[in-house]
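> quick one, fold the following:
(one chain, ligands or ions: 1)
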Amino acid sequence: MDITIIGAGAMGSLFGSLLAQSGENVFLMDIWKDHVSAINSQGLAVEFDGKTSRVDIPASSNMQDTRESDLVIIFVKSTQTKQAAVQALKCLNNKGVVLTLQNGMGNADKIAQVVHPDKVIAGTTSHGATMLGPGLIRHAGTGPTLIGMWSGKNNAGLENIKNVFCNAGIDTKIEDNIHLIIWKKLIINVGINAITALTGIKNGRILDSPPTGELVRTAVKEACDVALAHGVKLQDDIAEQVFDVAKATGPNRSSMGQDADHKRLTEIDAINGAIVSLAQKKGIHVPVNQTLTALVQTLQENYNPEYQTGQKK
Ligand code: NAD
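Numbers count the residues shown, from 1 in each chain. Predicted coordinates:
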């Protein structure tokens, strides 16, 4: 399968390396020039379980340099989804489809404004990866990947993509209701990300203090009310699931925490900010999510100006 990955950071490089190692024809596109030239000169280095392997994958930072593809995977941060969707459109062959496994709400809709909605696949992944430096990533954790057609209409290519992923060691399942799956992942991020980004704590610490736990519960309850108003019923014990994830990832900083630590733009607008926007459409008050969103926006707006584009590593 001809696969282009737009956004070859931690996750794009991880998926690219797994798919290339299983024999797929992978092309990486990323605007970070040092990373791209390291991949092209030495191969992409992937650290896993203390061992480092190198994978040869062609990469480019020139956005005119496209390859016709059966599948384009978008793995930029949600702040860059629109630009990546425009790029994806240039890479698709006649039957080609676009997949997003990004965090947050709104990515698939943004892609579907640029690419035909019946060609958009959305999903979530429990794989984790960390960018260690140009040409070097760490595969931090594994878990299931869930995919489904965003429009709900069948696409013959979906089963093929699942098989290609499974063959590459990416345990993948097709979900009929991918909107629900994305809401569930969003709720986890709503509960953990902004609070850890603002306070500097590791994920596990949200369990340690009653006021922090209460804040998580209220943010999650608001998000569940908004989901219900939009026709999505989440399980009653979803807050407990958020605490379970925080416990399982206890020693880690959330991705938003890491972005704040490195003074990069965060995905706040697609996470707590998405709850605020969706709440406004239904006339619902979400004061905790509104406050968390405003505080993270304030934090990132006051980074040193050289970091404001989010490109400084
Ligand atoms: P990352 O910052 O490591 O990678 C994003 C890459 O996109 C960067 O290398 C950047 O240079 C590149 N980029 C930015 N704008 C671009 C553009 N216009 N065209 C091409 N490339 C561009 O981020 P990540 O951790 O790989 O996360 C990507 C997405 O996956 C996010 O939505 C994140 O929430 C989600 N996610 C991450 C993890 C994880 O463990 N890292 C796990 C699950 C989901």
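> got a list of what the closest residue to the ligand within the stretch 1-150 of the chain touches?
Of all residues in the stretch 1-150 of the chain, Gly9 sits closest to the ligand, at 1.7 Å by CB to the nearest ligand atom. Every residue, glycine included, has its C-beta placed from N, CA and C. Counting by CB atoms under 8 Å, 6 or more residues apart in numbering, Gly9 makes contact with Asp30, Trp32, His35, Phe75, Val76, Lys77, Met131.
> switch to 6 Å and redo it
Residues counted as contacts of Gly9 (CB atoms under 6 Å, 6 or more residues apart in numbering) are Met131.
> go on, Ile3?
Leu19, Glu24, Val26, Ser69, Leu71.
> what's the burial count for the single nearest residue of the stretch 151-300 of the chain relative to the ligand?
Closest approach between the stretch 151-300 of the chain and the ligand, counting by CB to the nearest ligand atom: Ser255, at 5.1 Å. Counted by other CB atoms under 10 Å, the residues lying close to Ser255 total 23.
> repeat that for Asp208.
Neighbours of Asp208 (other CB under 10 Å): 10.
> what's the answer for Asp237, then?
10.
> cool, and Phe165?
24.
> equivalent analysis for Asn167, please.
When neighbours are counted by other CB under 10 Å, Asn167 comes out with 15.
> top of the contacts of Ile3 by neighbour count?
Of those, with other CB under 10 Å as the count, Val26 tops at 31 neighbours.
> go ahead and confirm it touches Leu18.
No: between Val26 and Leu18 no contact is recorded; they are 9.3 Å apart, counting by CB atoms under 6 Å.
> show me which residues of the stretch 1-150 of the chain are close to the ligand?
6-12, 29-32, 75-78, 80, 83-84, 87, 102-103, 125, 128-129, 131 (CB under 6 Å from any ligand atom).
> same thing but at 5 Å, please
Residues of the stretch 1-150 of the chain lying near the ligand by CB under 5 Å from any ligand atom: 7, 9-11, 30-32, 75-77, 80, 83, 102-103, 128-129, 131.
> show the buried residues in the residues you listed.
7, 9-11, 30-32, 75-77, 80, 83, 102-103, 128-129, 131 (16 or more other CB atoms under 10 Å).
> going along the chain, name the strands of the chain.
2-6, 25-29, 44-48, 51-55, 59-60, 69-74, 92-100, 120-125, 128-133, 136-141, 145-149, 172-174 (DSSP state E).
> tell me which other helices or strands the shortest one touches.
In other words, strand 59-60. Packing contacts for strand 59-60, counted by 3 or more CB pairs under 6 Å, 6 or more residues apart in numbering; DSSP states H and E, involve helix 33-42.
> centroid residue for this structure?
The residue lying closest to the centre of the chain (CA atoms, centre = their mean) is Gln102, at 2.3 Å.
> that residue - nearest residue in space that isn't next to it in sequence?
Ser78 (5.6 Å; CB to CB, 6 or more residues apart in numbering).
> what's around that neighbour, how many residues?
25.
> so it touches Gly104, yeah?
Yes: here Ser78 lies in contact with Gly104, judged by CB under 6 Å, at a distance of 4.5 Å.
> name the residues contacting each of the two.
In contact with both Ser78 and Gly104: Glu267, Ala270, using CB under 6 Å, 6+ apart.
> where does the stretch 151-300 of the chain have low pLDDT?
Across the stretch 151-300 of the chain, nothing is flagged by pLDDT under 70.
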